[in-house]
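Participant: can you look at this prediction? I've put the sequence above it.
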Amino acid sequence: MQKYLLVLLLALPHLAFAQQQLFYIGRFQSDEAKTLASMRAIPGIPEKERKAYEKDFFGRLVNDIRSDSFTTYFANDVPASPVFIPAQIQLVSGDTIRMRYYHEYRKEFVERELTFKDGCYTVPVGPWGFEEFFCKLP
């Protein structure tokens with residue numbers, strides 16, 4: 001009995017740490033309303049670009065993140081057999097991860113940091129600096 005208790009006590013911190021990392025694993029879809037609100041708060045975006053972004057541009061992209069890979073697709077075109085890109089994913093802080101992966105088109109390694117808040121993370125869009133929101137799907 002003491003042996004099992006010792007094993008359990010040694011394993012609990014590792015299990016708690018593993019559970020903490022799970023916040024970034026799952027499917028995250030672009031949130032059109034939050035993204036457009038972010039865009040509208042930024043002055044100086046040319047009218048042509050603004051109108052293009054407001055016309056069903058956001059809200060369709062899905063990022064599926066696993067512990068060691070990810071894939072991206074459009075919500076209305078889910079692949080039957082998605083191809084996952086291998087990635088090194090590290091926890092940087094309690095709510096931020098760093099992803100490093102090889103970008104086939106650019107022929108180089110890419111590194112991104114994603115900070116999560118309220119089930120979403122953001123990525124910068126264009127030279128204007130507004131944020132596209134990606135929120136976790138159920």
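Facilitator: Cool, the structure landed. The shown structure was predicted, so the numbers you read here are calculated from the model rather than taken from an experiment.

Participant: ok, residue 59 - contacts?
Facilitator: By Cβ atoms under 8 Å, 6 or more residues apart in numbering, residue 59 lies in contact with 29, 30, 31, 32, 35, 75. Every residue, glycine included, has its C-beta placed from N, CA and C.

Participant: and those, which two are furthest apart?
Facilitator: Greatest spatial distance among the contacts of residue 59 (Cβ to Cβ): 35 and 75, at 14.3 Å.

Participant: ok, these two, which is more surrounded?
Facilitator: residue 35 (22 against 13; other Cβ atoms under 10 Å).

Participant: so that one, which of the three states?
Facilitator: At residue 35 the chain is in helix, as set by DSSP: H, G, I helix; E, B strand; the rest coil.

Participant: who's in contact with it?
Facilitator: Applying Cβ under 8 Å, 6+ apart, the residues near residue 35 are 58, 59, 125, 130, 131, 132, 133.

Participant: before we move on, what about residue 132?
Facilitator: Per Cβ under 8 Å, 6+ apart, neighbours of residue 132: 30, 35, 38, 58, 122, 123, 124, 125.

Participant: noted, bye for now.
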